[in-house]
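[1] When you get a sec, could you give me coordinates for this:
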Amino acid sequence: MAIDLVLRRDWNARPPRGDYTQLDSTKGVKVHYTGGTVDQGIVSDHGGCVALVRSIQGYHMDGNGWVDIGYSYVACPHRKVFEGRGLHHLPAANGAGLNAGHYAVLGLVGNAGLVQPPDGMLHGILDAVQYVRDHGRAGKEIKGHRDGYATDCPGAPLYAWVRRGAPRPEDGGNGTPAPVAPPFPGRLLKYPPVMRGQDVRTWQAQMSRRGFELTVDGAYGAGSREVCRRFQRQQGVADDGIVGPVTWRLAWEAPLG
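    So this is what the prediction gives:
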């Protein structure tokens, strides 16, 4: 699929307040996230994506004093890629002294609300990567913002995906997104509980496989279950089927063991 590019005029971008610095070639791309709360409603409302990108541009220009939005491109859950500074223009988001090394591509996820990038967003990031390789003399590297810069960006889930080699999701990423994206990768399935006494450990192992780092104590009692429930509430998942004596448990693609 060719890149579904949302040009600056299409998202009503403000004009830059000055000239860009020329960027002839790069080692590749650095992947970013917003670092704030992203409304999960953007998954079913592309207008929310447009509004969010415009607000990020406003913050970068009015708050940071930058000439424009700091990213080269921005990927949303609908496999659309917003043109930021674009090709051959130095980004500002990678950090002082690091911007010349990589284009900067933002995925519209944060550290609260929409945390886990939907498949359409991952496809969009990779479409942007391929685009700057084909047209912007970008090299093969795909790294996280935190690589070489002291930051949590691009967040644990997106960085874990980068560390796995940034694979394309198996689906085409072209379908209509669900009204609320799963907060964790994969499909949320229902299975009868197994190894009931090890529910917390099973849950933690599954989350770890998908890039979440959460240490739960070894008691596997009410306190441990509440840690898991609280974590899932923060990610937007109902807490009535998490761990402990429940009728189903979380599994990814197939039940464990």
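
[2] Could you export stretch 117-125 as PDB, CA atoms only?
    Output of stretch 117-125 as PDB, limited to C-alpha atoms (Å, rounded to 0.1, in the frame of the first residue of the first chain):
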ATOM      1  CA  PRO A 117      -0.400   1.700  19.200                       C
ATOM      2  CA  PRO A 118      -3.200   0.100  17.100                       C
ATOM      3  CA  ASP A 119      -2.000  -1.900  14.000                       C
ATOM      4  CA  GLY A 120      -3.000   0.900  11.700                       C
ATOM      5  CA  MET A 121      -0.700   3.200  13.500                       C
ATOM      6  CA  LEU A 122       2.200   0.800  13.300                       C
ATOM      7  CA  HIS A 123       1.600   0.400   9.600                       C
ATOM      8  CA  GLY A 124       1.500   4.200   9.300                       C
ATOM      9  CA  ILE A 125       4.900   4.600  11.100                       C
END
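
[3] where does the residue lying closest to S25 once chain neighbours are set aside sit relative to R8, distance-wise?
    Sequence neighbours aside, R137 is the residue nearest to S25 in space, at 3.8 Å (criterion: C-beta to C-beta, 6 or more residues apart in numbering). C-beta: built from backbone N, CA, C; applies to glycine. Per C-beta to C-beta, to the nearest Å, R137 is found 21 Å from R8.

[4] So these two - more neighbours on which side?
    Ranked by neighbour count (other C-beta atoms under 10 Å), R137 and R8 place R8 first, with 18 against 14.

[5] right, and that one touches E83 too?
    Yes - using C-beta atoms under 8 Å, R8 makes contact with E83 at a distance of 5.1 Å.

[6] Now for the two: what residues contact both?
    Shared contacts of R8 and E83, defined by C-beta atoms under 8 Å, 6 or more residues apart in numbering, are absent.

[7] Could you chop the chain up by domain?
    The chain breaks down by automatic domain parsing into domains covering 5-163, 182-257.

[8] how about the lengthiest helix in the chain: buried residues?
    Longest helix in the chain, counting residues (DSSP state H): helix 119-135. By neighbour count with 16 or more other C-beta atoms under 10 Å, helix 119-135 contains the buried residues 119-129, 131-133.

[9] List the buried residues for the helix or strand that it is followed by?
    Helices and strands here follow DSSP states H and E; after helix 119-135, the next one along the chain is strand 138-144. Under the neighbour-count criterion of 16+ other C-beta under 10 Å, strand 138-144 has 138, 142-144 buried.

[10] Give me the mean pLDDT for strand 138-144.
    For strand 138-144, mean pLDDT is 97.

[11] partners of that strand in the sheet?
    The partner list of strand 138-144 in its sheet, established with DSSP bridges, is strand 26-32 (parallel).

[12] Y20 and R85: what is the separation?
    6 Å.

[13] More neighbours: which of these two?
    R85 (25 against 15).

[14] What sits closest to D4 if chain neighbours are left out?
    Nearest one to D4, counting by C-beta to C-beta, 6+ apart, is K80 at 4.9 Å.

[15] list the contacts for that neighbour?
    4-6, 46, 49, 124.

[16] Can I have the buried ones of those residues as a PyMOL selection?
    Buried members of the contacts of K80, defined by 16+ other C-beta under 10 Å, are picked up in PyMOL with:
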select buried, resi 4+6+49+124
